[in-house]
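> No letters, just coordinates:
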C-alpha cells in the first residue's frame, strides 16, 4: 500500500478559516429561519448533543431512539424536543442529522440522511471500514450536503494551544509524542478498544503535527473477552516530520487517564485533559548529548540534563462539544466547509484499518492460540 498523502488539518497563516462550498443561506433568511436537527441515539453522547443543541439559539431538536425507556427519559429532560422512534419518520421534517449510535450503524444512518440531502454530523469513527467511509464522503459530495465528523478534541482550546506550541518552534524539533487514554471503560460490542478510543489520539496527534501517519505497529490483547481487544499499544510513524507517536488505550485500567506528552529537543509539553486548571504544562527540561573528550570519559554517560521552569499557560475553557456542535450549525447556515469534514474522518478510518491489518497479519502468522499481536502496516492513501 502507498504512503498516505499529507492532509492539512487546519488553515495555515494567511489562509481563510473556512472555504465556502455548498449553498449559502441568504442573510435575511438566516436571521429568521430555525434549523431543525435530529439527534439519533439518546445514549451517553447523544444526550450531550441534545443538551448542547437545545441551548443553541434558532435550533429545534428532534430526539430519535428505538428504545422507549430512553425516549421517556429524553421527554422528561427536554420537554420541548420532538420525539421519534425511527429516523425515517422525521427525515422529511429536519434539515440535519447528528448520529450518536454504535459505530456499526453509522454508515446506514448517515447514508440515509445524506441521500435525502440532509447535512450530517457523525460521531467518531466515521465508519468501521474504509469502503464505507469513502461511500459516505462520495454521497455527501454528490448531494452537496455537509458531512462532518465528531473529532471533538479538534475543537478543544487546550489541543489548539498544544498545536501552537509545536508549530511555533518553542519545543524545538519534536522527538516523539506519547498518549494515554485509559479507564475502566465501557466495553463495546461492535469495535475493539482501538476503534473506540484511539480515534481521539490519532485525531489529536495528526492535528498537532499537521500530518497523517504513514505506518502503524500494533500490540493488542483481549483480557476479558476474546471477542475484542481491550488493551492496546500502538506506534504511528510520521515521515514528513520524522516523528513517532506511541498510543496506549485501555478499557481495563482503574484510573481514568487522558494525557498527551510532546517531547521536543528544547522543551516538553503535557496536555492533561483530567486537570481542572492546568490542562497544559510546558517543561523547560531536556537532555543534551556531550562529546567524549577522551578514553577516560568513556565510563560516564555522554549526556547532561538541564532543568528549568515549569509553565502552565492560561487556556480559556469552553466545552469542546459545544464549540463543535455550534460550528456544525454555522456550517449548515453559511455553507462553510467544516473543520473536521468527512475527508478528515476518512483519513482517521484509514489509520484504524491499518491497525486491523496489523493484527490480522500477525494472527495469520502465529495461529489461533496467540493473543500478543504486532506487525508494522502501512496506511493506505
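That came in fine, so what should we check first? Small disclaimer: the values here were computed from a predicted structure and weren't measured.
> isn't there a strand covering residue 50?
No. Residue 50: not assigned to a strand; according to DSSP: H, G, I helix; E, B strand; the rest coil it is helix.
> For the residue nearest to it when sequence neighbours are not counted, give me its contacts.
Spatial nearest neighbour of residue 50, excluding adjacent residues (Cβ to Cβ, 6 or more residues apart in numbering): residue 39 at 5.1 Å. In this view, the C-beta of every residue, glycine as well, is placed from N, C-alpha and C. The neighbours of residue 39, taking Cβ atoms under 8 Å, 6 or more residues apart in numbering as the test, are 46, 49-50, 53, 61-64, 97-98, 100.
> and this protein, what are its domains?
When the chain is parsed with automatic domain parsing, its domains come out as 27-153+321-341, 157-318+352-366.
> Need the winner for burial among the ones you listed.
By mean neighbour count, with neighbours taken as mean count of other Cβ atoms under 10 Å, domain 27-153+321-341 ranks first of those at a mean of 19.
> now that domain: mean pLDDT?
In this model, domain 27-153+321-341 has a mean pLDDT of 95.
> Also stretch 349-367?
Regarding stretch 349-367, the rounded mean pLDDT is 78.
> And the residue nearest to residue 272 when sequence neighbours are not counted, its phi and psi?
Excluding its sequence neighbours, the residue lying closest to residue 272 (Cβ to Cβ, 6+ apart) is residue 259, at 5.1 Å. When quoted as degrees, to the nearest 10, the phi and psi of residue 259 stand at phi -140, psi 140.
> In the protein, where's the longest helix?
The residue-count maximum for a helix in the chain (DSSP state H) belongs to helix 342-366.
> And that one, how far out from the chain middle?
Helix 342-366 has its C-alpha centroid displaced from the chain centroid by 16 Å (Cα atoms, centre = their mean, to the nearest Å).
> likewise stretch 306-317?
Counting by Cα atoms, centre = their mean, stretch 306-317 comes out at 25 Å from the chain centroid.
> Which residues does that stretch contact?
Against stretch 306-317 from outside (Cβ under 8 Å, 6+ apart): 157-158, 161, 278-288.
> still on that earlier bit, can you lay out the domains of the chain as CSV showing distance to residue 378?
Listed next are these as CSV, based on distance: least, Cβ to Cβ, whole Å:
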stretch, distance to residue 378
domain 27-153+321-341, 13
domain 157-318+352-366, 5
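> for the ones you listed, which one sits closest to residue 379?
Evaluated with Cβ to Cβ, these place domain 157-318+352-366 nearest to residue 379, the distance being 4.5 Å.
> for the longest helix of the chain, packing partners?
Contacts defined by 3 or more Cβ pairs under 8 Å, 6 or more residues apart in numbering; DSSP states H and E place helix 342-366 against helix 130-143, strand 147-150, helix 193-209, strand 215-221, strand 231-238, strand 376-378.
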